[in-house]
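# Predicted model, plus sequence, below.
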Amino acid sequence: MEDKKKLFVGNLPWSIDDAKLNEMFAEFGEVAEAKVITDKFSGRSKGFAFVTFAKEEDAAKAVEALNEKDIDGRPLTVNVAKPMKPRD
């Protein structure tokens, strides 16, 4: 089952950290979690993140407003996160 409150955020500028990510999305509603995915060895951002909202309708508003929005010269990709496929 798809969780429509959890969003995938791609093409993130390297300058965005968890706090800035949270700030960007908080204007659309209560953010339960904002996590930039980092490389486990270097600690550097991998350029994507996941944001989970408390309410589905707030997540939908964020997708509407931020998908393809230009942040530091990069068009963001924002959509509902797809469930992780089990690895073999």
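Good, I have the coordinates. In this text the structure is predicted, and so the values were computed from the model without any measurement.
# Report the buried residues of stretch 9-18.
By 16 or more other Cβ atoms under 10 Å, the buried positions in stretch 9-18 come out as V9, L12, I16. For glycine as for every other residue, the C-beta is placed from the backbone atoms N, C-alpha and C.
# So for N67, what pLDDT did the model give?
pLDDT for N67: 98.
# Please report the distance of it from F41.
The spacing between N67 and F41, counted by Cβ to Cβ, to the nearest Å, is 31 Å.
# ok, the two, which is more surrounded?
N67 (15 against 6; other Cβ atoms under 10 Å).
# Once you drop chain neighbours, what's closest to that one?
Nearest residue to N67, sequence neighbours excluded (Cβ to Cβ, 6 or more residues apart in numbering): V78, at 4.3 Å.
# Same question for E56.
K4 (4.7 Å).
# how many other residues sit next to the one you found?
Considering only other Cβ under 10 Å, K4 is surrounded by 15 other residues.
# What of V51?
Residues near V51, counting by other Cβ under 10 Å: 27.
# cool, A59 as well?
With other Cβ under 10 Å as criterion, A59 counts 25.
# Same question for the one 10 residues further on.
When neighbours are defined as other Cβ under 10 Å, K69 has 12 of them.
# quick one: contacts for it?
Neighbouring residues of K69 by Cβ atoms under 8 Å, 6 or more residues apart in numbering: P75, L76, V78.
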